[in-house]
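Asks: Predicted model and sequence follow; I will ask about them next.
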Amino acid sequence: MSIRTVILVLASASLLAGCITVDPAAERQATLDRGAALDTPIFGPLGEMGDTVSEDQAVAAAVARNPRLAADLAEAGLARAEWASAVLPPNLIAELTYFNPEGAGGVLDADIRAPIAAIIGWPQRAAAARANYDAAQARALQRLIDFSAETRLAWVEVVAARERANMYARILQSAEAALLVAEEIDELGNAAPLDLTRQRVNALAAQAAAEDAEQAALAAEIRLETILTMAAELPERLPTDMAELPDAGTARTTALEASLPLAVARADAEAAAQAAGYTGIESLLHGELGIALDIEDGDTERGVSAHFDIPTNGFGHPQRAAARIRAQQAADRYAALQTEIAGEVELHIMEMDRAAARMVLIREEWLPASTLALEQTLQQYNGMQVGVYALLDAFNAQVEAGRAYVDTLERYHRARIALTALVQGGSPMGMAASSGLNAGNAGGEGH
């Protein structure tokens, strides 16, 4: 092989490497297109916003505007760049030595070598990089689905928190009005001092509850505005429409088939298996092999150049063991994730079913009963049969029934959003998405 042939081979390899490009914008758009093409689309067109921003509009706005999501979706572009590097053959190693002895012609000694382990493990390294790229694509779409669910949950939280704040404000108004009446009665000397003290305690408790509810609503609004990167006016009430409950078996099968976390776990397991293969090669073979050229006075002598590491400090047993452990870890995580997703589907369907039944109970029995109790108490109050405290208790009982309805409706929407994300292929959200029908009542105990 002449020096000219070697130069031509190296130049051709460089040109081949230069043809591989990565377009991060195209990778991001591909993820968005896959999200819009799902059977249950992650988001739709933003469209014209009216006086209030709907749940779907909030998701579309957040996807278009949120910079953290844009950064997360760029991970697929990074993985593609790594894959593009891995499919190329390993770089050659050139060693040039030039001698120009006094009174003699110049001598050029050239060694061109390639790493043996890198060449043998090249196919496995490329396969592992492709598996990592597949996993990154799945992670990007999974992140888009999860981000959509997070935005929907934040939207539901804001509307529900604002409804609760309005209810506690009404309770505070009634408590303050009752306190004024109690003070007037006390001035006339027609009631025991304990009655006024009790009413002051009730008013202070109502004030604290109203302030807490208002703070919770403001905090929820800030969280949503952070996601949307803009202020938004939302509806005053949560939607009351309820979808038909899906069959648990069908939903479980759909979620497992569509699951992007499972796809990621599968790709990770494949990449770990491939990595275990080339790690074994690299742990045993450390060296380069190539051609040697000796050029002197226009004459070229050819030979073989070999450089090897002598494994005096071990034969790579720890590296190979670590690679096998990682491969087994990936396989175990994949198996565990299947069980977790199936359990999450059943959990969210159960929560939706319980919430729907509770809302029927509140709407058809609790709310009518509390309204009737308030009307009857008002009649007795007008007839001077009961005092203002009984009227206040009846009013608060009606407001509490309304608050319970809002809490239960919020539980339903949280479970709905979590289940939808699962069947789209998103992450299991666990108990954080729907932690039982009494979770929303915890902040109102004792008020």
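Replies: Sure thing, it's come through.

Asks: Residue 255 against residue 426, yeah?
Replies: No. Residue 255 lies out of contact with residue 426 (Cβ atoms under 8 Å); the separation is 9.1 Å. Just so you know, the C-beta spots here come from the backbone N, C-alpha and C atoms, and that holds for glycine as well.

Asks: List the buried residues in the helix or strand containing residue 71.
Replies: For residue 71, the host element (DSSP states H and E) is helix 67-73. When burial is assessed from 16 or more other Cβ atoms under 10 Å, helix 67-73 yields the following buried residues: 69, 72-73.

Asks: Contact partners for the closest residue to residue 412 other than its chain neighbours?
Replies: If you skip the residues right next to it in sequence, residue 412 has residue 355 as its closest partner in space, 3.7 Å away by Cβ to Cβ, 6 or more residues apart in numbering. Under the criterion of Cβ atoms under 8 Å, 6 or more residues apart in numbering, the neighbours of residue 355 are 408-409, 411-412, 415, 437.

Asks: Can you classify residue 355 by secondary structure?
Replies: helix (DSSP: H, G, I helix; E, B strand; the rest coil).

Asks: count of neighbours near residue 383?
Replies: By the measure other Cβ atoms under 10 Å, the count of residues near residue 383 is 8.

Asks: could you pull out the helices for the stretch 251-400 of the chain?
Replies: Using DSSP state H, counting those that start in this stretch, the helices found in the stretch 251-400 of the chain span residues 260-284, 317-361, 367-382, 388-424.

Asks: And the average pLDDT for the third one is what?
Replies: So the one you mean is helix 367-382. Confidence over helix 367-382, taken as the mean pLDDT, stands at 87.

Asks: For that helix, which outside residues touch it?
Replies: Here helix 367-382 makes contact (Cβ under 8 Å, 6+ apart) with 386-388, 390-391, 393-395, 397-398, 400-402, 405.

Asks: pull the CA atoms of that helix into PDB?
Replies: As requested, the backbone C-alpha atoms of helix 367-382 are provided in PDB (Å, rounded to 0.1, in the frame of the first residue of the first chain):
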ATOM      1  CA  LEU A 367     -76.900  19.000  49.000                       C
ATOM      2  CA  PRO A 368     -80.700  18.800  48.900                       C
ATOM      3  CA  ALA A 369     -80.800  17.800  52.600                       C
ATOM      4  CA  SER A 370     -78.500  20.700  53.600                       C
ATOM      5  CA  THR A 371     -80.600  23.100  51.500                       C
ATOM      6  CA  LEU A 372     -83.800  21.900  53.100                       C
ATOM      7  CA  ALA A 373     -82.200  22.100  56.600                       C
ATOM      8  CA  LEU A 374     -81.200  25.700  55.900                       C
ATOM      9  CA  GLU A 375     -84.700  26.600  54.700                       C
ATOM     10  CA  GLN A 376     -86.400  25.100  57.700                       C
ATOM     11  CA  THR A 377     -83.900  26.700  60.100                       C
ATOM     12  CA  LEU A 378     -84.600  30.100  58.400                       C
ATOM     13  CA  GLN A 379     -88.300  29.600  58.900                       C
ATOM     14  CA  GLN A 380     -87.800  28.800  62.600                       C
ATOM     15  CA  TYR A 381     -85.400  31.800  63.000                       C
ATOM     16  CA  ASN A 382     -88.000  34.100  61.400                       C
END
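
Asks: tell me what the helix holding residue 71 is packed against?
Replies: Other helices and strands packing on helix 67-73, by 3 or more Cβ pairs under 8 Å, 6 or more residues apart in numbering; DSSP states H and E, are helix 24-36, helix 122-188.

Asks: between the helix or strand that the last one is followed by and helix 122-188, how big is the angle?
Replies: Put plainly, it is helix 122-188. Sequence-wise, the next helix or strand downstream of helix 122-188 (DSSP H and E) is helix 193-228. Here helix 193-228 runs at an angle of 150 degrees relative to helix 122-188 (axes from the mean of the first three to the mean of the last three Cα atoms, to 10 degrees).

Asks: quick one, helix 193-228 and helix 388-424 angle?
Replies: Per the same axes, to 10 degrees, the angle that helix 193-228 makes with helix 388-424 is 20 degrees.

Asks: Name the SS class of residue 112, please.
Replies: With three-state DSSP as the criterion, residue 112 was assigned strand.

Asks: so what's it scoring on pLDDT?
Replies: pLDDT, the model's per-residue confidence, is 70 for residue 112.

Asks: likewise the one 5 residues further on?
Replies: Residue 117 is assigned 61 on the pLDDT scale.

Asks: still on that earlier bit, show me the contact partners of the helix holding residue 71.
Replies: Applying Cβ under 8 Å, 6+ apart, the contact partners of helix 67-73 are 27-28, 31-32, 62-63, 140, 143-144, 147, 229.

Asks: got the residues you listed as TSV, with distance to residue 175 and neighbour count columns?
Replies: Listed next are those as TSV, based on distance: Cβ to Cβ, whole Å; neighbours: other Cβ atoms under 10 Å:
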residue	distance to residue 175	neighbour count
27	58	22
28	53	20
31	52	25
32	51	17
62	39	25
63	44	21
140	52	26
143	46	21
144	47	27
147	41	24
229	39	13
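
Asks: pLDDT weak spots in the stretch 151-300 of the chain?
Replies: Under the criterion of pLDDT under 70, the regions of the stretch 151-300 of the chain flagged as low confidence span 190-191, 274-300.
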